[in-house]
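> just to be clear, the model below is a prediction. Sequence and coordinates:
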Amino acid sequence: MGSGLFWSLVLAAAAAVVYFFQKANTSSALTQQSPTLSWSTEWTLSENGNPTQIYKGRRITVFEADGGWKYCIAYPEDRREPYFSEAYETPDIAQSEAIRHMERLPSLHRSLPEQRRELRRQKEDEERSAFLSSEPHVIASLSSAAESATDLSELRRVERKTETRRRYIDRVADSVEVYGSVEEIERAQELTRKVSALADRIQIRVAEFKAKGKKPPGSKIQDS
């Protein structure tokens, strides 16, 4: 009797091991056979002909706008404000970026506004570099004009031009402080010193003209 009970327990344990082993293999096989759904296979067309899908409980819709393609993420049965992206070049890019946004993944593509901002920044860099290269010649020319001025009226015209250039230089210097290289910062600072020195020297000559009421004295303005 005791022996029979023993073998019954052994057989029951063996059957349990076989059952759990088969169950584990079946679950593993199902997992391997289940294909990973591609993002592109989930998209359908809305009534308006726009790519759309329900992803993790939210409706994503891609639509044409602002010269490109945007995506909108909304809760199907919720009154919360939907999220609208910036415009991208193609609907495929917008679809990809929508999923990456949902998954909190970094973007792989720049939006059209980002591309325009980058082009604008590059243009500003080029213009700033050209200004820093050419402006020393402008200051030298103004200095020469101030030196050769023969009356107060002529000197006043040079003064106005100098003040205009100083405002330009101040704006460029502010931009260089943020976006420029160390070399550009030094060049902008040197320009600021030169135009300030020129403005000071012009004020001295203006005072001399007023005092004498005639041609400026023989002393000449030296370029800084």
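Arrived safely. Residues are numbered from 1 along each chain as shown.

> CA atoms for contacts and neighbours, from now on please.
OK.

> wait, Thr61 sits on Pro51?
Yes: with contact defined as C-alpha atoms under 8 Å, Thr61 and Pro51 form a contacting pair (5.8 Å).

> isn't Asp66 right up against Ala87?
Yes: counting by C-alpha under 8 Å, Ala87 is a contact partner of Asp66 at 6.4 Å.

> neighbour count: those two, which is higher?
Ala87 (24 against 11; other C-alpha atoms under 10 Å).

> wait, doesn't the more buried one sit right on Lys70?
Yes: taking contacts as C-alpha under 8 Å, Ala87 lies within contact range of Lys70: 4.5 Å.

> overlap in contacts, these two.
Ala94 (C-alpha atoms under 8 Å, 6 or more residues apart in numbering).

> check which helix or strand covers Arg205.
Assessed by DSSP states H and E, Arg205 sits inside helix 182-212.

> below-threshold pLDDT in this structure: ranges please.
Where the chain drops to pLDDT under 70, the residues are 1-41, 213-224.

> in it, where's the longest helix?
helix 112-148 (DSSP state H).

> between helix 182-212 and whichever helix or strand comes after that helix, find me the angle.
The helix or strand immediately downstream of helix 112-148 is helix 152-179, counting by DSSP H and E. Using axes from the mean of the first three to the mean of the last three C-alpha atoms, to 10 degrees, the inter-axis angle of helix 152-179 relative to helix 182-212 is 160 degrees.

> mind giving me the packing neighbours of helix 152-179?
Packing contacts for helix 152-179, counted by 3 or more C-alpha pairs under 8 Å, 6 or more residues apart in numbering; DSSP states H and E, involve helix 112-148, helix 182-212.

> just checking, Tyr88 touches Leu112?
Yes: with contact defined as C-alpha under 8 Å, Tyr88 counts as touching Leu112 (5.4 Å).
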